[in-house]
Every structure is written in C-alpha cells, then in structure tokens.
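Chemist: dropping the sequence and predicted coords here.
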Amino acid sequence: MNLLESKASSLDKEEINSRFVYHSVKRGFDLIAATFGIIILSPLMIIIAMMIKLEDHGPIFYKQMRVGKNGQKFKMYKFRSMFVNADQMLGKLKKQSDVEGPMFKMKDDPRITQIGHFIRKHSLDELPQFFNVIKGDMSLVGPRPPLPSEVAEYSEYDKQRLYVTPGCTGLWQATERNEVGFNEMVQLDIKYIQRAGFMFDLWIIWKTVTIIIKPNGSY
C-alpha cells in the first residue's frame, strides 16, 4: 500500500468532532494502556534514567513546549537525549536540516549524547509521554505534536494536523519516519485523521512496537 500516492484532501472539522463513540473509546483505551505501560516498563525507565544521569550528571527529563489539539500549548515530556545546551545550539544547525519546511531533522546531530543515540534509535526517549497521555495532552496515536515555531510557518492545509489530539506515535512514525520530508509527513497525518478508527490505531501501535525492536531509520 503506497500511502503517498496522492495528496490527502481537506478535512471536515465538524465531522471529526462528531465521532463521539470513537473518541470516547480511544480516550478510555489511552488511559488504561498508558497506565499499564508505565507500570510494566518502569524497570526499563529506571535503567534509562540512571544511564542518562551517569553520563553527564544533567537532568533526566526534557520538557518542551508543543502545540496540541486546536492550537493548545502543553509541555511534552521526554527522556533527555541531548546535551543540556542543545536548544542554544539549534540556531547554528538549522541550515543543516535534512528536511525542508518548518520541521528540523538532522541525522548526525552533534547535540545528541551517547545514551541519546541509543534511546532515540529505539524510540525509548518517548516513554515519558505516557504521562502526557494520562494528562490528556496527548493520545497514544495521532499526529506528531509540533513546536510553536513550526506552527508559525504552517499553511492552512498544514494546520489541519491540529484538528485532533497529537500522539506518541502515528502513521508517519510507524511507516515512513525519516524517509520522507515535512510535506509528506503532513499528508500522512491527514490521511490518518481521515481513516482514524480503533482497529487502525491498534495496527499503528503494533507497527510501532516492531519498530522499537527493529528501528526503521529513526534518529
């Protein structure tokens, strides 16, 4: 299945918001799965936290402002995978981004720590986002939550990504990941919103689990 054969059409926001049953089931599943995820993966999370602390004695977690549903801002949690001064270094690296458009991605990013390379490759830096899911800022599945600086450069078409709650993983992360640019990522997110359903969400979660075991080019 080629998910990028054609550009996704515009979305009907009222139709999306009217899917009360799906959104209720999705929220209930998110709460149960995120809670179990924290409990089951807590030994792994403790080990990661210790490794981060031992490497450079800096903070274990990284909190960053992101934009969620309907433009609402929230703090997203991650395990810190970069040096403490990484944000200050970004301005000098922006021209070296591997993707065009508002999103910054760099394969050989010099800001990433040793343990950071490993946890990013296997998407383990995202585990603290289970707490964002419980808070309601995020869902397990949905579009990647963008930075406010990225949203400032969005077209009206791009802003359709903000019609739904952002996710820890999504169609882009589970399929193409870093193999496509910003515009293709937006298309995949909009295709996900068009096709969103409980079974489709489960398929994306399953694909994401396989990627954690066998990475698909994440960095």
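Modeler: Nice, I can see it.

Chemist: rest of the way, CA atoms for contacts and neighbours
Modeler: Noted.

Chemist: figure out how far the helix or strand bottoming out on mean pLDDT in the chain is from the centre of its chain.
Modeler: Counting by mean pLDDT, DSSP states H and E, the chain has its least confident helix or strand at helix 86-93, which shows a mean of 74. With Cα atoms, centre = their mean, to the nearest Å as the basis, helix 86-93 stands 20 Å off its chain's centre.

Chemist: again with stretch 80-89
Modeler: 18 Å.

Chemist: now do the buried residues in it.
Modeler: Arg80, Ser81, Met82, Phe83, Val84 (16 or more other Cα atoms under 10 Å).

Chemist: what sits against the last one?
Modeler: By that I understand Val84. Gly58, Pro59 (Cα atoms under 8 Å, 6 or more residues apart in numbering).

Chemist: same check on the third one?
Modeler: Contact partners of Met82, counting by Cα under 8 Å, 6+ apart, are Arg111, Ile112, Thr113, Gly116.

Chemist: who wins for most neighbours among the residues you listed?
Modeler: Gly116 (22 neighbours; other Cα atoms under 10 Å).

Chemist: and Asp201, how far from Leu44?
Modeler: 25 Å (Cα to Cα, to the nearest Å).

Chemist: for Phe79, that is, sorry about that
Modeler: 12 Å.

Chemist: more neighbours: which of those two?
Modeler: Using other Cα under 10 Å as the criterion, Phe79 and Leu44 rank with Phe79 on top: 23 against 13.

Chemist: okay, now the unreliable bits of the chain?
Modeler: Scanning the chain for pLDDT under 70 picks out the ranges 1-8, 91, 94-101, 103-105, 178-179, 216-219.

Chemist: mind listing the helices for it?
Modeler: Secondary structure of the chain (DSSP state H): helices at 13-17, 20-56, 86-93, 114-121, 129-135, 148-151, 171-174, 182-195, 198-213.

Chemist: contacts only, for the residue nearest the centre of the chain.
Modeler: The residue lying closest to the centre of the chain (Cα atoms, centre = their mean) is Arg144, at 3.9 Å. By Cα under 8 Å, 6+ apart, the contact list for Arg144 reads Pro166, Gly167, Cys168, Thr169, Gly170.

Chemist: so the second one touches Met138, yeah?
Modeler: Think Gly167. Yes. Assessed by Cα atoms under 8 Å, Gly167 is found in contact with Met138 at 5.3 Å.

Chemist: and the spatially closest residue to Lys214 that is not a sequence neighbour, what does it touch?
Modeler: Nearest residue to Lys214, sequence neighbours excluded (Cα to Cα, 6 or more residues apart in numbering): His122, at 7.6 Å. Neighbour list for His122: Ile211, Ile212, Ile213, Lys214, Pro215, Ser218 [criterion: Cα under 8 Å, 6+ apart].
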